[in-house]
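Q: Below are the sequence and a predicted model; questions follow.
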Amino acid sequence: MRAIVYKGPFQVAVENVEDPKIEHPADVIVRLTSTAICGSDLHMYEGRTAAKPGIVFGHENLGIVQETGPGVVSIHQGDRVVMPFNVACGFCKNCVAGYTGFCLTVNPGFAGGAYGYVAMGPYRGGQAEYLRVPFADFNCLKLPPGQEHEDDFVLLADIFPTGYHGCELAGVTVGDSVAVYGAGPIGLMAAYSALLRGASKVFVVDRVPERLAKARDIGAIPVNFSEADPVAQIKEQTGGEGTDKGIDAVGYQAQARTGKGEAPATVLNSLVETVRATGMIGVPGLYVPSDPGGVDDAAKRGMLLVEVGKFFEKGQRMGMGQANVKRYNRQLRDMIIDGRAAPSFVVSHDVGLDQAPEAYDKFDKRIDGYTKVVLKPAA
Ligand SMILES: NC(=O)c1ccc[n+]([C@@H]2O[C@H](COP(=O)([O-])OP(=O)(O)OC[C@H]3O[C@@H](n4cnc5c(N)ncnc54)[C@H](O)[C@@H]3O)[C@@H](O)[C@H]2O)c1
Ligand SMILES: [Zn+2]
Ligand SMILES: [Zn+2]
């Protein structure tokens with residue numbers, strides 16, 4: 001089958017790889033119809049991780065079940081399904097408690113598993129024609145048959161539940177004011193989820209005009225951090241107090257406000273400043289324990305200079321980590337089916353596998369309006 005293969009920094013290619021097979025009675029094979037490129041794929045694409053050439057990317061997968069293992073009971077050939085990016089077993093202590101992003105079975109020694117992701121287990125990615133899904137009864141979410149809402153449903157694999165998870169970590173509730181840093185796919189989904197949860201005022205901070213325009217379209221207030229200090233801009237619009245809640249949808253590749261280059265703690269510190277005393281901060285943006293591309297020795301070891309004194313003084317709380325997609329995907333699917341949510345406003349490009357190398361390049365450079373790319377392997 002054809003698949004997107006990582007060749008080295010800033011290089012992916014469409015190549016032929018072996019078809020996946022049923023390896024365990026609980027597996028299914030899915031023929032992919034939609035599979036999205038994620039900001040997390042870019043960490044590997046840029047050569048910032050230990051990902052070796054040869055890895056097939058792709059953890060945001062939707063398709064039609066082609067074949068089922070003999071132990072699969074609830075999923076059948078022909079079912080249309082979307083899989084959480086987390087590979088999870090469903091029976092370990094963390095899965096039972098709903099923390100499927102931290103499954104103890106699928107990737108021993110590391111917190112959680114995922115398809116096509118360095119250090120997250122031996123699960124090949126789905127930017128390809130077919131995907132093997134382990135523990136299929138647990139990991140497949142059934143969708144209505146047909147093609148309706150294809151680009152909404154594919155976002156249930158990661159970014160819609162991950163944005164929602166940011167709100168959950170920050171405890172966003174009715175009437176809250178919320179500051180979301182980052183207007184990439186995760187930030188836009190966090191802002192959208194905050195509005196779904198009844199937030200009164202949602203600020204979205206970025207500097208990419210097309211992304212800020214999408215934030216405005218959904219009813220959020222865009223804040224361009226290259227024009228002026230975003231903390232001051234938000235405080236000015238919240239009576240000097242700051243927001244009730246904050247979400248970091250940027251992670252360790254945060255860019256310095258002025259000049260060029262990375263300032264990996266800048267968003268965490270801006271959030272401590274932006275959110276009012278006793279407010280809560282949710283961090284779906286990724287931070288890593290080791291980063292060969294880090295700006296200094298501490299950053300290379302995953303250690304950042306965070307204003308912990310101010311954080312204490314303000315009595316804030318913070319939650320971080322991988323999203324437990326399974327905890328929210330069914331509910332968010334039903335919001336889509338019932339017409340209460342349409343997250344595909346974030347999708348800027350639907351392309352075939354052949355256009356993936358170009359899409360990676362432009363999405364990585366955040367140019368030409370490449371906000372979210374969905375690959376169509378059957379096209
Ligand atoms: N927790 C999870 O389960 C999970 C899942 C998916 C992605 N992620 C992570 O979420 C983060 C965002 O993902 P994405 O796909 O939206 O990525 P992205 O890179 O497309 O978006 C990040 C955005 O942040 C903006 N930005 C950079 N510096 C900034 C700053 N100082 N202030 C405000 N905005 C700034 C960029 O311009 C960009 O638009 C990544 O770190 C990704 O790895 C986490
Ligand atoms: Zn993703
Ligand atoms: Zn588990």
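A: In hand now; what should we look at? Ligands and ions are numbered 1, 2, ... in the order given.
Q: For residue 292, give me the pLDDT.
A: Looking at residue 292, its pLDDT reads 88.
Q: cool, and residue 307?
A: pLDDT at residue 307 comes out at 97.
Q: what do you get for the one 10 residues further on?
A: Model confidence at residue 317, given as pLDDT, is 98.
Q: what bridges to it?
A: In this structure, residue 317 bridges to residue 280 when assessed by DSSP bridges.
Q: That one and residue 281, how far apart?
A: Remark: distance between residue 317 and residue 281 (Cβ to Cβ, to the nearest Å) = 7 Å. C-beta here means a position set from N, CA and C on the backbone, and glycine is covered the same way.
Q: okay, now the residue of the stretch 151-300 of the chain found nearest ligand 1: neighbour count?
A: Closest residue of the stretch 151-300 of the chain to ligand 1, Cβ to the nearest ligand atom: residue 184 (2.1 Å). Residue 184 sits with 24 neighbouring residues when counted by other Cβ atoms under 10 Å.
Q: Residue 317 and residue 281: which has the busier surroundings?
A: Using other Cβ under 10 Å, the more surrounded residue of residue 317 and residue 281 is residue 281, with 26 against 15.
Q: show me what contacts the residue of the stretch 151-300 of the chain closest to ligand 1?
A: Applying Cβ atoms under 8 Å, 6 or more residues apart in numbering to residue 184 gives the contacts 39, 206, 211, 249-250, 371.
Q: my guess is residue 5 is in a helix, correct?
A: No: if the criterion is DSSP: H, G, I helix; E, B strand; the rest coil, then residue 5 is strand and not within a helix.
Q: Give me the spatial nearest neighbour of it, chain neighbours excluded.
A: residue 15 (4.6 Å; Cβ to Cβ, 6 or more residues apart in numbering).
Q: Confirm that neighbour sits in a strand?
A: Yes: the assignment for residue 15, made by three-state DSSP, places it in a strand.
Q: How about it: which residues does it bridge to?
A: Residues in beta-bridge contact with residue 15 (DSSP bridges): residue 3.
Q: How confident was the prediction at it?
A: pLDDT, read off for residue 15, is 97.
Q: For burial, what's the neighbour tally of residue 180?
A: Residue 180: 37 neighbours (other Cβ under 10 Å).
Q: Now for the residue sitting nearest the centre point of the chain: which residues touch it?
A: The C-alpha lying nearest the average C-alpha coordinate of the chain belongs to residue 159 (Cα atoms, centre = their mean; 4.1 Å). Contacts for residue 159 (Cβ under 8 Å, 6+ apart) come out as 36, 38, 60, 185-186, 189, 343, 346, 372.
Q: With residue 76 instead?
A: 65, 68.
Q: Report whether it is found in a helix, as I expect.
A: No: using three-state DSSP, the secondary structure at residue 76 is coil, not a helix.
Q: So residue 276: helix, strand or coil?
A: Relying on three-state DSSP, one would call residue 276 strand.
Q: so it touches residue 243, yeah?
A: Yes: under the criterion of Cβ atoms under 8 Å, residue 276 is in contact with residue 243, at a separation of 6.6 Å.
Q: Tell me which of the two has more neighbours.
A: Neighbours per residue (other Cβ under 10 Å) separate residue 276 from residue 243, with residue 243 holding more: 26 against 18.
Q: Quick check: chain neighbours aside, which residue is closest to residue 89?
A: Per Cβ to Cβ, 6+ apart, closest to residue 89 is residue 105, 3.7 Å.
Q: Just the pLDDT for that neighbour.
A: With respect to pLDDT, residue 105 scores 97.
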